[in-house]
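**Student:** Okay, structure incoming, though there's no sequence with it:
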């Protein structure tokens, strides 16, 4: 908004130059610049913030702000005028039908009006801001709006049909011709000022042409009203009438400003037209009076919030300079009565912000906050989850994040009793998110199916919550992984199972878990018979690993081989936490030997490992299965004996000294003899 520097000086004693004043306002209140000169006057361009439009969209309001910043008193505006022995009720009646949309409507009658050109000082003041002068009455109304921020309007009293003013909503089909020559169709949502015949003004926005002030006008009705902001904004959007009055009413105006504005206009009119007679009474429809708010201010809280110990007397002076009244109710307590024009001051924090702003943010000392910095609690879940991610990604897995929901079609791999135990969502967004997932495996199979369109082999893992209706409602974190190959011919029977089992061995090793073992079991149709095992730690169940049965894969629309593991994530962390030990790297070299054997197909790999470890208890450090074959013939074309399978192992020999070839050879022989004796193995 543009402001005249000389005009502002009428209301407060300004010693600062226009440039310094612009700098002061920018630092404390609003961004301000010097936009130019008109004659010997300087024009300031002040960017009034939306939350201060109600009190600073006027010269008097901005002057009050400048006075508070410069510690200068605000000069009083003349609102005194002489009243005559005339009764307003003899001229007009007022009825407000829409009291919510029009909280206050005040009117006063002036007669013996002589319409003529305004004084030069008045015309010059308006033209500085591109407001075209019309006549003494209209110009005074525009001047008062700029001065105090209250839009007002004058009706030619003799043109009001039925001598009535009615504040109501427009009727369907009503029209109005406005003072600027516009023609508008009205509807039931538009608030109007009407007489006995029809609309004479669009409330808070624009006056009508039919009742406008002309050279023949002798008696006027001055309107000073308050309108609900959101309603004015809606009308403004519909009609596109962005007038000065509409801008101010849209931002919100103090209802108590109407009387002050009306009195100021009457005083100005009598000043430039002494023969005007003013009715001794006014009409004031104000059903719900707005009273000043009283806010309790704790000075200790003020100090803690802004970090500065401002003296009590200075706080009092700052608030009083903003128009507040202070009552001291304790050593560090104020009761602050806020003027109604400050619509933005609603709570204690608002008062503290005003004190800090006027005191000057630049004057607040920079103080580092005091407080004990406590180390965060160790979160094993985060530490181990990151470790697990690194290990699994290192062996070729990719992490996925799935929704915690499944749909009806995703339950095809679950038996009927399992479906009954699912937790159903009361308001699912779709059928695909009808249940909380009981397992991570269901969504992982969906990932396999969708990725088989682009890749022949995939490996995924996920760490996430699963949900169960056990004990009413139960949820916990699980870790699950899947290794899948699209081409069955490329994957040997059981190959996926042993590969993912090997990945688990790597994971356990990296987590420092040494007592996990696999217990072969026969389970329901979900798992491939003979290729599934419980993962146990000592005798506690920690998870399951196995190959998914062809029937389950077919039900899910997957063609290929898929192996999965599912671990209780919380139990895994507990085990890893308990077993974490430091194992120093041996400074002596290891010796690696390979051994291949034929055993019965029923013989488990774990049985072979137990024999090898048992026979080489002193020197065997590690044993790894690297080849497994159950086919009809070996790579050389020789057929395997009926009921046999071929296993090949890397055996690592290491101890606390350098081993000789003879020692390793003797240990090998001992292992071979034990394999033949215990498992009837044939060493190849």
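**Tutor:** Ah, there it is. Predicted model only: the values in this text are computed from it and were never measured.
**Student:** From here on, just use CA atoms for contacts and neighbour counts.
**Tutor:** OK.
**Student:** can you give me phi and psi for residue 539?
**Tutor:** Main-chain dihedrals, residue 539, degrees, to the nearest 10: phi -110, psi 10.
**Student:** Now do it: how many residues are near it, please.
**Tutor:** When neighbours are counted by other CA atoms under 10 Å, residue 539 registers 11.
**Student:** cool, residue 233 as well?
**Tutor:** 19.
**Student:** Contacts only, for it.
**Tutor:** Going by CA atoms under 8 Å, 6 or more residues apart in numbering, residue 233 touches 246, 250.
**Student:** where are the low-confidence patches of the stretch 351-500 of the chain?
**Tutor:** Where the stretch 351-500 of the chain drops to pLDDT under 70, the residues are 412-420, 471, 489-494.
**Student:** what are the ranges of the helices in it?
**Tutor:** With helices called from DSSP state H, counting those that start in this stretch, the stretch 351-500 of the chain shows them at 380-394, 416-420, 441-451, 495-510.
**Student:** Just send these back as CSV, with mean neighbour count and distance to residue 586 too.
**Tutor:** Converted to CSV, those look like this (neighbours: other CA atoms under 10 Å; distance: least, CA to CA, whole Å):
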stretch, mean neighbour count, distance to residue 586
helix 380-394, 15, 23
helix 416-420, 11, 50
helix 441-451, 18, 40
helix 495-510, 19, 16
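**Student:** Using CSV, please lay out those helices together with distance to residue 72.
**Tutor:** Listed next are the helices of the stretch 351-500 of the chain as CSV, based on distance: least, CA to CA, whole Å:
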stretch, distance to residue 72
helix 380-394, 62
helix 416-420, 79
helix 441-451, 73
helix 495-510, 76
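**Student:** how many other residues sit next to residue 62?
**Tutor:** For residue 62, using other CA under 10 Å, the count is 24.
**Student:** What of residue 121?
**Tutor:** The local packing of residue 121 (other CA under 10 Å) involves 8 other residues.
**Student:** helix or strand for it, which one?
**Tutor:** helix 120-127 (DSSP states H and E).
**Student:** Would you indicate which residues of the host helix or strand of residue 63 are buried?
**Tutor:** Using DSSP H and E, residue 63 falls within helix 59-70. Residues of helix 59-70 classed as buried: 59, 60, 61, 62, 63, 64, 65, 66, 67, 68, 69, 70 (neighbour count, 16 or more other CA atoms under 10 Å).
**Student:** and that helix, what does it pack onto?
**Tutor:** Judged by 3 or more CA pairs under 8 Å, 6 or more residues apart in numbering; DSSP states H and E, helix 59-70 is in contact with helix 5-8, helix 53-56, helix 136-148, helix 312-321.
**Student:** Mean neighbour count, the ones you listed: which tops it?
**Tutor:** helix 53-56 (a mean of 24; mean count of other CA atoms under 10 Å).
**Student:** picking that back up, so how far is the helix holding residue 121 from its chain's centroid?
**Tutor:** Taking CA atoms, centre = their mean, to the nearest Å, the mean C-alpha location of helix 120-127 is offset from the chain mean by 50 Å.
**Student:** Show me which positions of it end up buried.
**Tutor:** Across helix 120-127, burial judged by 16+ other CA under 10 Å covers 122, 123, 125, 126.
**Student:** just stretch 222-240 next, same as before
**Tutor:** 222-229, 231-233, 235-236.
**Student:** and these as JSON lines, adding distance to residue 51, secondary structure and pLDDT?
**Tutor:** Shown next, in JSON lines, are these (distance: CA to CA, whole Å; DSSP: H, G, I helix; E, B strand; the rest coil; pLDDT from 0 to 100):
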{"residue": "222", "distance to residue 51": "29", "secondary structure": "strand", "pLDDT": "96"}
{"residue": "223", "distance to residue 51": "26", "secondary structure": "strand", "pLDDT": "96"}
{"residue": "224", "distance to residue 51": "23", "secondary structure": "strand", "pLDDT": "96"}
{"residue": "225", "distance to residue 51": "21", "secondary structure": "strand", "pLDDT": "96"}
{"residue": "226", "distance to residue 51": "18", "secondary structure": "strand", "pLDDT": "96"}
{"residue": "227", "distance to residue 51": "17", "secondary structure": "coil", "pLDDT": "96"}
{"residue": "228", "distance to residue 51": "16", "secondary structure": "coil", "pLDDT": "95"}
{"residue": "229", "distance to residue 51": "13", "secondary structure": "helix", "pLDDT": "94"}
{"residue": "231", "distance to residue 51": "18", "secondary structure": "helix", "pLDDT": "94"}
{"residue": "232", "distance to residue 51": "17", "secondary structure": "helix", "pLDDT": "94"}
{"residue": "233", "distance to residue 51": "16", "secondary structure": "helix", "pLDDT": "94"}
{"residue": "235", "distance to residue 51": "21", "secondary structure": "helix", "pLDDT": "93"}
{"residue": "236", "distance to residue 51": "20", "secondary structure": "helix", "pLDDT": "90"}
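**Student:** Residue 369: which of those residues is nearest?
**Tutor:** Ranked by distance to residue 369 (CA to CA), those are led by residue 229 at 42.2 Å.
**Student:** show me the contacts for residue 410.
**Tutor:** 442, 556.
**Student:** run the last query once more with 10 Å
**Tutor:** 432, 433, 435, 437, 442, 443, 445, 446, 555, 556 (CA atoms under 10 Å, 6 or more residues apart in numbering).
**Student:** what does residue 440 give?
**Tutor:** Applying CA under 10 Å, 6+ apart, the residues near residue 440 are 402-404, 461-467, 477-481, 565-566.
**Student:** how close does it sit to residue 567?
**Tutor:** 10 Å (CA to CA, to the nearest Å).
**Student:** Buried residues in stretch 467-487, which are they?
**Tutor:** So, applying 16+ other CA under 10 Å, buried residues of stretch 467-487: 467, 468, 477, 478, 479, 480, 481, 482, 483, 484, 485, 486.
**Student:** How is the protein divided into domains?
**Tutor:** Domain ranges of the chain: 2-70, 88-285, 293-360, 380-579, 591-683, per automatic domain parsing.
**Student:** is residue 37 in a bridge, and if so with what?
**Tutor:** residue 42 (DSSP bridges).
**Student:** burial measure for it, as a count.
**Tutor:** Residue 37 has 13 nearby residues by other CA under 10 Å.
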